[in-house]
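> got a predicted model here, sequence first, then my questions.
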Amino acid sequence: MTEQLRLRELLERLVEAEVRFIIVGGLAVIAWGHVRATQDVDIVPDPDAENLERLAALLESLDGRVEVEGDRLAPSTIRTFLKVGDRTLVSTRLGHVDVLQGLPQVPPFRQLDAEAESVELDGLTLRICSLDALLDMKRASERARDRDDLDALEATTSGE
């Protein structure tokens, strides 16, 4: 499957499907003022069973396949992975969706939602994790990209 990176359309489809989610990761970094490239949409979904069902149905409709150790599993596995509540990376024809659940450095949906900001993007309202939550997640990470994001965000927010 050849994927095109069409993150705007992917976000539109998530909103149209009435999936409740908070954006974290690269798109949240951009929303908080550090412009950089990103190759996926990182989300923390509401773990409500009906919400996860809507998310699974949408990802399947986009020819989604769970990526595990370089392999792409059948679309039917999406529901199982989402119900387990662990991190699930799904490649779709619009790009990758990294569904973040059950990771110690990522707060649960309820906590993120209580502090999230609503952001308008060309008429599309999205929920972005708070800057404090984003900084905490970046601090808890060992990845070089996250350290770079942390430095840039802290410089941006301190007025440097």
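Sure, I can see it.

> just give the strands next to the helix or strand of the chain with the lowest mean pLDDT in its sheet, each with its orientation.
Lowest on mean pLDDT, DSSP states H and E among the helices and strands of the chain sits strand 71-72, with a mean of 83. If you go by DSSP bridges, strand 71-72 pairs up with strand 65-68 (antiparallel).

> CA atoms only: put the strand it pairs with into PDB for me.
These are the backbone C-alpha positions of strand 65-68, laid out as PDB (Å, rounded to 0.1, in the frame of the first residue of the first chain):
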ATOM      1  CA  ARG A  65      -3.300  -1.800   9.100                       C
ATOM      2  CA  VAL A  66      -1.700  -2.200  12.500                       C
ATOM      3  CA  GLU A  67       2.100  -2.000  12.300                       C
ATOM      4  CA  VAL A  68       4.000  -4.400  14.500                       C
END
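
> contact partners of that strand?
Under the criterion C-beta atoms under 8 Å, 6 or more residues apart in numbering, residues 1, 72-75, 77-78, 81, 88-91, 96 lie in contact with strand 65-68. From N, CA and C alone the C-beta is placed, and that goes for glycine too.

> buried ones in it, by neighbour count?
Buried residues in strand 65-68, counting neighbours by 16 or more other C-beta atoms under 10 Å, are found at R65, V66.

> equivalent analysis for stretch 28-41, please.
Neighbour-count burial for stretch 28-41 flags A28, V29, I30, A31, W32, H34, T38, D40, V41 (criterion: 16+ other C-beta under 10 Å).

> where's the closest residue to the last one other than its chain neighbours, which helix or strand?
Translated: V41. With C-beta to C-beta, 6 or more residues apart in numbering as the criterion, V41 has its nearest non-adjacent residue at 5.2 Å, and that residue is V97. Per DSSP states H and E, V97 falls inside strand 95-99.
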